[in-house]
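Asker: This is a predicted model, with the sequence first.
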Amino acid sequence: MGGLFVGSRIGPLLLADSGTAQDLRADRTYALVRQRAHGTRLREGAIRPQTTIYAVCTPTSGTSVVAGNLSPIAAGAATILSLYNPLGSGINASILRATLNVSSGAAVSFNPFAYNLAFNQTITAVQNAASLPSIPGQANGRCQGFTQTALTGSGAQFLYRPMAFSPNDTVAAGPATPMYIFDDLDGEIELPPGGLLSIAATVTGITVNASIVYAEIPSIGGR
Amino acid sequence: MLVGGRVGPIVSADNAGPQEFRLERTGALVTQDAHGRYREAASRGNIFAVSTTLLGTTVVAANNSPIAAAAASILSIYNPLNSGINVSILRTILGLVSGTPVAGPYVYNIAFNQNITATQNNGGTSGASSINSYASGASGKARGFTQTALTGSTAQVLYRPIAFSQIAAAIAATTPGLYTTEEVAGEIELPPGGLLSIASPGTGTSQVMYAAFVYEEIPSIGGQ
């Protein structure tokens, strides 16, 4: 049986708002031409209770990087910042953004910061960086945030990939370089229930601030 | 049958009755992202990363562009023949750690119809496979190599420079950060047998750098 064809019209029209039905616009290869409704591309997800956006972060004063925070992070070790999606949560955590600032410290040569991952985790530690919604007044998220607290119950984490952030500078040496990164992950990393994501370092002796922004999306068939 | 649309926004509650698609004033369909751009691919377990060792790798002469047959590279991703998938490159991460680079940009080298028999070593660990961005422990079909002889490969060719030039001087504590994320966004795609490498413009002196590829594995249909 043949399919149903949906037609379109090539090229722009100049139209006023109205109730008059118009053809969809196509380009000269009959590709559908579209335009984002809002400049804020995350808005649809942010305003929906089913897909609310949350953030977890370190304290404003930052946190000092210690040996246990280095990649790869060992079982049960504390981290700069971790996001954990508990088993049985019923949601996936789709990572949208990560931010990282170096506030102070001294290191001659920085290796990069990195993302560490683990799966099928059962962490029993009490979270100390609760996920806050991007829309004030909503409930906190189901995922749990941890910063510089032992991830009791976690297994060893492994390197996913480096962040593009290795400032060869220190605050003490002068403001020669931006000491921050805004990593627009845009859904690249996803945590199913039991999933764990951490920001890991490769040098100690510095103080950093970090955050992870993510959306909680209902799991369907484990996805 | 033509499916039409209506120009301008309509404000409706959830589960309101069917409405025409929304158009803007030149007839383009108005859309809105549901989730992060890479979420659909990530949630289906199709996004992976390969990288150098996190502490960086020292650039050697063999890493310079163009990379010779069977030579080691800073970082390569290889889509094996008969893998059944294509590799669509999403992002490249690159950074310098220490040493003295030479002037000029890092570049992409590519080759096709390759039959590499070397053992993959993602992250610098022999036998280690690519890492899935969906925290599941799954491995990709493509293979990552860093500073290991690409046995079986032929000479690679320059594709284009990466928008990343560095100073030709010793990296010190006061050197501005030297790192980049290039949003390749599918520009480069490797069919089965395809090989992509990051190549250096010159060896420099004790130049240590790190790199990663983020990519999506997409089923090949008719070799495309």
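Answerer: Now that the structure is in, tell me what you want to look at.
Asker: quick one: pLDDT of the closest residue to chain B within chain A?
Answerer: Distances between chain A and chain B by CB to the nearest CB are smallest at residue A:187, namely 2.5 Å. In this view, the C-beta of every residue, glycine as well, is placed from N, C-alpha and C. pLDDT, residue A:187: 95.
Asker: check contacts around the residue lying closest to it once chain neighbours are set aside.
Answerer: Excluding the flanking residues, the one nearest residue A:187 by CB to CB, 6 or more residues apart in numbering or on different chains is residue B:36, at 2.5 Å. Counting by CB atoms under 8 Å, 6 or more residues apart in numbering or on different chains, residue B:36 touches A:42, A:45, A:94-96, A:185-188, A:215, B:42.
Asker: Which element, helix or strand, includes the residue positioned nearest the centre of chain A?
Answerer: Nearest residue to the geometric centre of chain A (CA atoms, centre = their mean): residue A:95, 3.1 Å. In this assignment (DSSP states H and E), residue A:95 forms part of strand A:91-105.
Asker: do the helix or strand just after that strand and chain B meet at all?
Answerer: Following strand A:91-105 in sequence order, the next helix or strand is strand A:114-118 (DSSP H and E). Yes - judged by CB under 8 Å from any CB of the partner chain, strand A:114-118 comes into contact with chain B through A:114, A:117-118.
Asker: Could you check how many residues crowd around the nearest residue to residue A:59 once chain neighbours are set aside?
Answerer: Nearest non-adjacent residue to residue A:59, counting by CB to CB, 6+ apart: residue A:147, 7.2 Å away. For residue A:147, the neighbour count with other CB atoms under 10 Å in any protein chain shown is 22.
Asker: Quick check, pLDDT for residue A:147.
Answerer: Residue A:147 is given a pLDDT of 98.
Asker: circling back to that earlier point, what's the distance between the residue nearest to residue A:187 and residue A:94?
Answerer: 6 Å (CB to CB, to the nearest Å).
Asker: hey, what's in contact with both of those two?
Answerer: Taking CB under 8 Å, 6+ apart as the criterion, residue B:36 and residue A:94 both touch A:187, A:215, B:42.
Asker: touching chain B at all, the one helix or strand residue A:214 maps to?
Answerer: Assigned by DSSP H and E, residue A:214 belongs to strand A:206-218. Yes - using CB under 8 Å from any CB, strand A:206-218 reaches chain B at A:215, A:217.
Asker: Packing partners of that strand?
Answerer: strand A:53-57, strand A:63-64, strand A:81-84, strand A:91-105, strand A:196-200, helix B:39-43 (3 or more CB pairs under 8 Å, 6 or more residues apart in numbering or on different chains; DSSP states H and E).
Asker: Quick check, pLDDT for the residue in chain B positioned nearest to chain A.
Answerer: Here chain B gets closest to chain A at one residue, residue B:36, 2.5 Å apart by CB to the nearest CB. Residue B:36 carries a pLDDT score of 89 in this model.
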